[in-house]
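Asker: Give the three-dimensional model of this entry:
(chains A, B, C and D)
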2 protein chains.
Amino acid sequence: MSASASRPPVMADVARVAGVSHQTVSRVLNNLPNVRPSTRDRILQAIDELGYRRNLTARALVTRHSRVLGVVSFDTTLFGPASTVHGIEQAARDAGYFISIVSLKAITRDSVEDAIHHLAGQGIDGIVVVAPQRQAARALSSIPDDIPAVAVEGGRARRVPVVSVDQVGGARLAVQHLLELGHQTVWHIAGPEEWLEAEGRLKGWQETLEAAGRPVPTAMTGDWSPRSGYEAGLRLPSSATAVFVANDQMALGLLRSLSERGVRVPDDVSVVGFDDVPEAEFFSPPLTTVRQDFTLVGRYSIELLLEQLAEDPPARRRRVVVPATLVRRRSTAAPAGA
Amino acid sequence: MSASASRPPVMADVARVAGVSHQTVSRVLNNLPNVRPSTRDRILQAIDELGYRRNLTARALVTRHSRVLGVVSFDTTLFGPASTVHGIEQAARDAGYFISIVSLKAITRDSVEDAIHHLAGQGIDGIVVVAPQRQAARALSSIPDDIPAVAVEGGRARRVPVVSVDQVGGARLAVQHLLELGHQTVWHIAGPEEWLEAEGRLKGWQETLEAAGRPVPTAMTGDWSPRSGYEAGLRLPSSATAVFVANDQMALGLLRSLSERGVRVPDDVSVVGFDDVPEAEFFSPPLTTVRQDFTLVGRYSIELLLEQLAEDPPARRRRVVVPATLVRRRSTAAPAGA
DNA sequence: CGCTAGAGTGTTAGCGTTCACACTTATCAG
DNA sequence: CTGATAAGTGTGAACGCTAACACTCTAGCG
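Answerer: A predicted model of the protein is given here:
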């Protein structure tokens, strides 16, 4: 513990104290072989004594690897993105990487490109773009060629592997569940058009109805917020007996407007959401919904990224799809007439 | 666009193309004066031509500043931490800084210290610790002296400035609101003991009741989850007419258990939450709650951090308190007997 | 006409690591 | 006892940038 508060100690200081060369200190730090145990101990002790911490900036300069991964995301306040980023962070840390985050207020192609270049200039080893909007997905092509990247929910990006949840399959699960209960058809409150997730759920809903030979009602569109679900609920025709809502927040709004109109759930109308937010189980009534495993999505995205970072570029999987699962609770039942 | 995909261009390459020295390129990049406009243009063109991006790692090595700030947080899936981190990120980016995040699964003194050292070794310019638990607050003392730091919700940390929401005041607002409506007393479902926020809300609740000369019921304790609020609701005595719940999620659970028991809100029991999550407005009934401005908290924390980073260390404010506000909705009313 | 000031530019030396070697010493086969 | 091999260690040169200073040149002054 040197009293001089001048500069933090560097490798050379450790070397001097331990009576070796800086290179030997480096070897110990990097767990390389061919260091005599007694020497190693002396160095370790010197490190401890001086309170030495290796300067990762210098290391990054020479190795050309910062062990930092960049993440570009949108509104990390929402449950989905927040969970995904959390999953990414956990997986990255387990792999010994740091995460540098840029969270966008607005998704425009420009803002995404900006964020990407920002990160690229930062000496990052790779980038994960959580790109659930069409705009963002388009910006993927502007990622510099020399930077490994992965997209989450990024449509079919050209040069970038994609991890996504099976939105279409999830929607199918929801609609099939309602049809099996005996409903003639299912209404849909969709997410904003520019969102790929909204698109997938809409598609799954429509295809499933068509496959079953059922009429396909006009879809209503919300903006993911509870309020928009509430408003969609006001426009829902009284003939409807089942609604598939593109996320749980809008489902909550729908539940509220139905209850205000005296419509009982599930007696009069069945409702299925999407996401399985922690609150969903305690809605009135507890919400049947489609669960997405965001943690797994985060994990896979890091896995795909690290694969690209590896020495031997493997025949890289271009796309990983995480299945969605149906969680049955009390907001769905057979229609009144059944 | 050089066809050789060998190495990304460096400053010297730009210098060669522009016919100047690398130092002049550096001057242009750093917007220093005394560069002839025509020279500047030539350099800018060369940069463009080569697709040159400055290596920030090398820059950081020599300047000893990375322009990266570290953030340590807990479970960024929760609304509060997620919003705070989001606010921090926005504010930091506006100031030209990057954010490197470590999100902890468990808060123990060790895990926090670990995260801090992890970041410290990363060549970070400063650290924000979102430390809402007593454990985490204690770990603040282990931040190396040479690294500027700020704590969010960190109790009264010793050497570290703190930004926090006025939990006590928020709780007072909630309880006063209920007393003014005519309730004799107010029950409380508290958060986990080790959380400072839970402690502040508990304290505000208790003090306000005492100041009004009202009996103070035994507080129930949850773990922030809707389920724990639900369970607390089952234990709520039927004599209770008003409940102040330490967060919105638990309030949701309470609402649910009350409705299952046939207790009407607000007719039979009034409920106030804390946080004002986006969903709160659409609970059944819409929840009266205390709003915390997390964005502001994030903003202030970066402000305090940048103050420390500035050339002239100002007489530093040791503590910034952000006020909480009451949002009145439909879950509160006068008691039945009033 | 020489001198100074300042604009404009180049040169050199780091920053704290790792990498590619070269070197020394001990070990062992022949 | 010699030479080859391996273990253990040191030396010097990068990595790509900025800081400090030195230099050149023009303008302006007495």
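Asker: Residue A:336 touches residue A:266, doesn't it?
Answerer: No: using CB atoms under 8 Å, residue A:336 is not in contact with residue A:266; the gap is 9.8 Å. All C-beta atoms are positioned from the backbone trio N, CA, C, and that covers glycine.
Asker: which of these two has more neighbours?
Answerer: residue A:266 (20 against 12; other CB atoms under 10 Å in any protein chain shown).
Asker: Could you check how far the more buried one is from residue A:334?
Answerer: 9 Å (CB to CB, to the nearest Å).
Asker: And for residue A:144?
Answerer: Residue A:144 is 56 Å from residue A:334, by CB to CB.
Asker: which residue ranges form the strands in the stretch 151-300 of chain A?
Answerer: With DSSP state E, counting those that start in this stretch as the criterion, the stretch 151-300 of chain A has strands at A:162-165, A:187-190, A:220-221, A:242-245, A:270-275, A:288-291.
Asker: which other helices and strands contact the fourth one?
Answerer: Strand A:242-245 makes packing contacts with helix A:167-180, strand A:187-190, helix A:248-260, strand A:270-275 when contacts are defined by 3 or more CB pairs under 8 Å, 6 or more residues apart in numbering or on different chains; DSSP states H and E.
Asker: Identify all contacting residues around that strand.
Answerer: By CB atoms under 8 Å, 6 or more residues apart in numbering or on different chains, the residues outside strand A:242-245 that reach it are A:171, A:174-175, A:178, A:181, A:183, A:185-189, A:201, A:205, A:229, A:236, A:251, A:254, A:269-274, A:332, A:335.
Asker: The worst-scoring helix or strand of chain A on mean pLDDT close to chain B?
Answerer: Of all the helices and strands that make up chain A, helix A:109-120 has the lowest average by mean pLDDT, DSSP states H and E, namely a mean of 82. Yes: between helix A:109-120 and chain B, judged by CB under 8 Å from any CB of the partner chain, the touching residues are A:118, A:120.
Asker: Show me what that helix is packed up against.
Answerer: strand A:68-74, strand A:98-104, strand A:126-130, helix A:134-139.
Asker: Try it again at 6 Å.
Answerer: Packing partners of helix A:109-120 (3 or more CB pairs under 6 Å, 6 or more residues apart in numbering or on different chains; DSSP states H and E): helix A:134-139.
Asker: Could you list every helix and strand that the helix it packs on packs against?
Answerer: So helix A:134-139, by 3+ CB pairs under 6 Å, 6+ apart, packs with helix A:109-120.
Asker: which residues touch the closest residue to residue A:219 other than its chain neighbours?
Answerer: In space, and not counting its chain neighbours, residue A:219 is closest to residue A:188: 4.4 Å by CB to CB, 6 or more residues apart in numbering or on different chains. Residue A:188 is in contact with A:205, A:219, A:244, counting by CB atoms under 6 Å, 6 or more residues apart in numbering or on different chains.
Asker: if you set the cut-off to 7 Å instead, what comes out?
Answerer: When contacts are counted by CB atoms under 7 Å, 6 or more residues apart in numbering or on different chains, residue A:188 is found next to A:202, A:205, A:219, A:244.
Asker: Could you dump those into TSV and include pLDDT and neighbour count?
Answerer: Below are these laid out as TSV (pLDDT from 0 to 100; neighbours: other CB atoms under 10 Å in any protein chain shown):
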residue	pLDDT	neighbour count
A:202	98	22
A:205	98	25
A:219	97	17
A:244	98	31
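Asker: out of those, who's nearest DNA strand C?
Answerer: Closest to DNA strand C out of those is residue A:202 (50.2 Å), distances taken as CB to the nearest atom of the strand.
Asker: do you know how far the nearest residue to that closest one once chain neighbours are set aside is from DNA strand D?
Answerer: Distances taken as CB to CB, 6+ apart put residue A:190 closest to residue A:202, at 4.8 Å, once the chain neighbours are dropped. From residue A:190 across to DNA strand D, the span is 47 Å (CB to the nearest atom of the strand, to the nearest Å).
Asker: what is residue A:291 paired to in the beta sheet?
Answerer: residue A:275, residue A:325 (DSSP bridges).
Asker: and it, how many neighbours does it have?
Answerer: Neighbours of residue A:291 (other CB under 10 Å): 19.
Asker: Could you report the distance from it to chain B?
Answerer: 14 Å (CB to the nearest CB, to the nearest Å).
Asker: can you check residue A:265 too?
Answerer: Residue A:265 is 11 Å from chain B, by CB to the nearest CB.
Asker: What residues does that residue make contact with?
Answerer: Taking CB under 7 Å, 6+ apart, one finds A:255, A:258, A:271, A:285, A:331 in contact with residue A:265.
Asker: what's the closest of the residues you listed to residue B:306?
Answerer: Within the contacts of residue A:265, the smallest distance to residue B:306 is 44.2 Å, found for residue A:255 (CB to CB).
Asker: Could you check how far that closest one is from DNA strand D?
Answerer: 56 Å.
Asker: what secondary structure does the residue nearest to the spatial centre of chain A sit in?
Answerer: Most central in chain A under CA atoms, centre = their mean is residue A:84, positioned 2.6 Å from the mean C-alpha point. Following DSSP: H, G, I helix; E, B strand; the rest coil, residue A:84 is assigned to helix.
Asker: Pop out the phi and psi values for residue A:320.
Answerer: Backbone torsions of residue A:320, given as degrees, to the nearest 10, read phi -120, psi 130.
Asker: if I pick residue A:108, what's in contact with it?
Answerer: Contacts of residue A:108 by CB under 7 Å, 6+ apart are residue A:135.
Asker: same question for the helix or strand hosting residue A:91, mean pLDDT?
Answerer: Here residue A:91, judged by DSSP states H and E, is contained in helix A:79-94. The pLDDT scores in helix A:79-94 average 91.
Asker: so, in contact with chain B or not, it?
Answerer: Yes: Helix A:79-94 lies within reach of chain B by CB under 7 Å from any CB of the partner chain, at A:82-83, A:86, A:89, A:93.
Asker: Any idea how far that helix is from the middle of the chain?
Answerer: 6 Å (CA atoms, centre = their mean, to the nearest Å).
Asker: and if you look at stretch A:142-155?
Answerer: For stretch A:142-155 - counting by CA atoms, centre = their mean - the centre lies 14 Å from the chain centre.
Asker: Report the residue ranges of every domain in chain A.
Answerer: A:11-54, A:65-165+A:294-323, A:167-292 (automatic domain parsing).
Asker: Out of the ones you listed, the one nearest residue B:46 is which?
Answerer: So among the domains of chain A, domain A:65-165+A:294-323 is nearest, using CB to CB, at 17.3 Å.
Asker: And DNA strand C, is the closest one touching that?
Answerer: No: for domain A:65-165+A:294-323, no contact with DNA strand C is found by CB under 7 Å from any atom of the strand; the gap never falls below 8.9 Å.
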